[in-house]
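Asks: Curious how this folds, go ahead:
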Amino acid sequence: MVSVQDAFSILKNNLPESKEVDYSLLQARKHVLSQNLYSPINMPPFRQSAMDGFALCLHDGLEYEIIGEIKAGDTHQVELIPGQAIKIFTGAAVPNSAQAVIQIEKVSVKGNVLQLEEHPKSGLNIRPIGEQNSKGDLALEKSSVLNAASIGFLAGLGFTSVKVYKKPSVGILITGNELVKPGNDLEYGKVYESNGIMLHTALKDAYFDEVTMYEVNDDFENTKNKLQQALSENEVVLVSGGISVGDYDFVAQALKELEVETLFYKVNQKPGKPLFAGKLKDKIVFALPGNPAACLTCFYVYVLPTLTILSGNAANFNQTSQNRLTHSFSVNNSRCQFLKAAVIGDNVTILSHQNSSMLNTFSIANALVYLPDGTYEIEKDSKVDIYHI
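Replies: Purely as a prediction, here's the structure:
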């Protein structure tokens, strides 16, 4: 059995290198850039109107002759002489001969005569060429996470694809003769299967979309074959249940026969003691406890950081913060604990129903409070370490 910190170190030292792929902008959503991107154009690429109004070739008077209009997207170029104006719309190209754009609300128009109230300043309401960035400027740095705004920004610069770090494909293998799919009748001795959809949802919440589900009953050959299939089709495999030492827990034996190297088995923590981590070449395997709350705890503490690092993020396994406990708490445990908790602002409250099989309070938790093993009292308002989930 290893400590939590040892488990973190072992995982960190055994993760394969992140893989680089070329994705379309839409595919690249929530991926990490694997290289710096430089702007291929000026943005805006022309002098652009920031308002609906009139582009003016300035002169000493307050009256201007209107000679036409320019809409956004028009490609014809107009030459104005002093005292002339042209109606213009937001985003349209401002003629090089115009020095200002006056808002439509600040003028009066009679026929083709434009009347101003005051002389505008040169450059008014004109976005200069390269105002946002110039050709050759660094547009986005390597390691940037691509969100909707950054993808829109890149599209505006003319990019259609980018090089990013690939998010790992994940296989989820569900084991257990006692499991019944929700929607079916629940016979005596059976329970509804929840870990599969729970893990799948947690992965989706973290933007891991390439997920495949596998199911197997408690039979050695079936377990081995399904596990082999999952390993061949995915980069990370999560097994739910079957890792303990019962007569019908076949996962450990199947992993051994498939030559999966054990990184660690059992962690000195509660819940989640029977956690297994292993690797097969560049594949990572986690065998998670079958109890739902223990399964989800191990996912947030070990699996999600692993997936995040493999996706090219500068993350680590021990990203805790300290929050003030709203109540006193007694600790009497030979293992460290991860306790379901609710964080509001700087304060944290440890919730009830901490049993490893219970998800009811996990559903309202947004953090796990980490408490070292031992026998001690934590006073109200003390700072405790938390993992945000």
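Asks: CA only for contacts and neighbour counts going forward, please
Replies: Will do.
Asks: What segments of the protein are helices?
Replies: Ranges of helices within the chain are 4-14, 148-156, 195-205, 220-233, 251-257, 292-298, 304-310, based on DSSP state H.
Asks: for the longest one, which positions count as buried?
Replies: By that I understand helix 220-233. Within helix 220-233, the residues scored as buried using 16 or more other Cα atoms under 10 Å are 220, 223-224, 226-227, 230-231.
Asks: quick one: contacts for the closest residue to L58 other than its chain neighbours?
Replies: Leaving aside its sequence neighbours, L58 sits nearest to P82 (Cα to Cα, 6 or more residues apart in numbering; 5.5 Å). By Cα atoms under 8 Å, 6 or more residues apart in numbering, the residues touching P82 are 57-59.
Asks: Any of those residues buried? List them.
Replies: Using 16+ other Cα under 10 Å, the buried members of these are 57-58.
Asks: Out of the contacts of P82, the closest to E210 would be?
Replies: The closest of these to E210 turns out to be C57 (Cα to Cα; 57.1 Å).
Asks: Please report how far the closest one lies from S321.
Replies: Here the criterion is Cα to Cα, to the nearest Å. By it, C57 lies 59 Å from S321.
Asks: what's the answer for I389, then?
Replies: I389 is 12 Å from S321, by Cα to Cα.
Asks: circling back: Throw the contacts of P82 into TSV and include pLDDT and distance to I129, thanks.
Replies: Shown next, in TSV, are the contacts of P82 (pLDDT from 0 to 100; distance: Cα to Cα, whole Å):
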residue	pLDDT	distance to I129
C57	98	18
L58	98	20
H59	98	24
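Asks: quick check, nearest of the contacts of P82 to V301?
Replies: The closest of the contacts of P82 to V301 turns out to be C57 (Cα to Cα; 64.3 Å).
Asks: Give the closest residue to the closest one in space, chain neighbours not counted.
Replies: Here the residue nearest C57, using Cα to Cα, 6+ apart, is A98, at 4.4 Å.
Asks: Pretty sure that neighbour sits against L80.
Replies: Yes. Between A98 and L80 a contact is recorded at 6.8 Å, counting by Cα atoms under 8 Å.
Asks: Who has more neighbours out of these two?
Replies: The residue with more neighbours, out of A98 and L80, is A98; 24 against 18, by other Cα atoms under 10 Å.
Asks: Now do that one, the pLDDT please.
Replies: A98 is assigned 98 on the pLDDT scale.
Asks: Next, the contact list for A293, please.
Replies: 271, 355-359, 362 are the contacts of A293 under Cα under 8 Å, 6+ apart.
Asks: Lowest-scoring secondary structure element of this protein by mean pLDDT?
Replies: strand 179-180 (a mean of 80; mean pLDDT, DSSP states H and E).
Asks: Point out the other elements, helices or strands, that that one touches.
Replies: For strand 179-180, the elements it packs on are strand 191-192, judged by 3 or more Cα pairs under 8 Å, 6 or more residues apart in numbering; DSSP states H and E.
Asks: Could you list the paired strands of the strand it packs on along with their orientation?
Replies: Paired strands of strand 191-192, with direction, are strand 179-180 (parallel) (DSSP bridges).
Asks: Centre of the chain to the strand it pairs with, how far?
Replies: Distance of strand 179-180 from the chain centroid (Cα atoms, centre = their mean, to the nearest Å) equals 32 Å.
Asks: And the contacts of it?
Replies: Strand 179-180 is contacted from outside by 186, 190-193, using Cα under 8 Å, 6+ apart.
Asks: Closest one of these to L140?
Replies: E193 (43.7 Å).
Asks: who are the neighbours in contact with the closest one?
Replies: E193 touches 179-182, counting by Cα under 8 Å, 6+ apart.
Asks: just the buried members of the residues you listed?
Replies: 179-180.
Asks: Take the contacts of E193 and write them to CSV, including distance to N291.
Replies: Shown next, in CSV, are those (distance: Cα to Cα, whole Å):
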residue, distance to N291
L179, 12
V180, 15
K181, 16
P182, 17
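Asks: For the closest residue to Y214 other than its chain neighbours, give the beta-bridge partners.
Replies: Distances taken as Cα to Cα, 6+ apart place L173 nearest to Y214, at 4.6 Å, with adjacent residues excluded. With DSSP bridges as the criterion, L173 is bridged to Y214, V239.
Asks: quick one, what contacts L173?
Replies: Neighbouring residues of L173 by Cα under 8 Å, 6+ apart: 196, 213-216, 226-227, 230, 237-240.
Asks: ditto for E210
Replies: E210 sits next to 168-170 when contact means Cα under 8 Å, 6+ apart.
Asks: where in the stretch 101-250 of the chain is pLDDT low?
Replies: 242, 244-248 (pLDDT under 70).
Asks: Just to confirm, what confidence does the model report for M358?
Replies: For M358, the pLDDT comes out at 86.
Asks: Got a PyMOL select line for the buried ones in the contacts of L173?
Replies: Buried residues among the contacts of L173 (16+ other Cα under 10 Å), as a PyMOL selection:
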select buried, resi 196+215+216+226+227+230+237+238+239+240
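Asks: Out of the contacts of L173, the closest to V164 would be?
Replies: Top of the list for closeness to V164, among those and by Cα to Cα, is V237 at 22.1 Å.
Asks: Now do that closest one against S122, distance only.
Replies: In terms of Cα to Cα, V237 sits 63 Å off from S122.
Asks: go on, S169?
Replies: Taking Cα to Cα as the measure, S169 falls 56 Å from S122.
Asks: and what of T201?
Replies: As judged by Cα to Cα, T201 and S122 stand 56 Å apart.
Asks: List the buried residues in stretch 118-127.
Replies: For stretch 118-127, the neighbour count (16+ other Cα under 10 Å) marks 120, 124-127 as buried.
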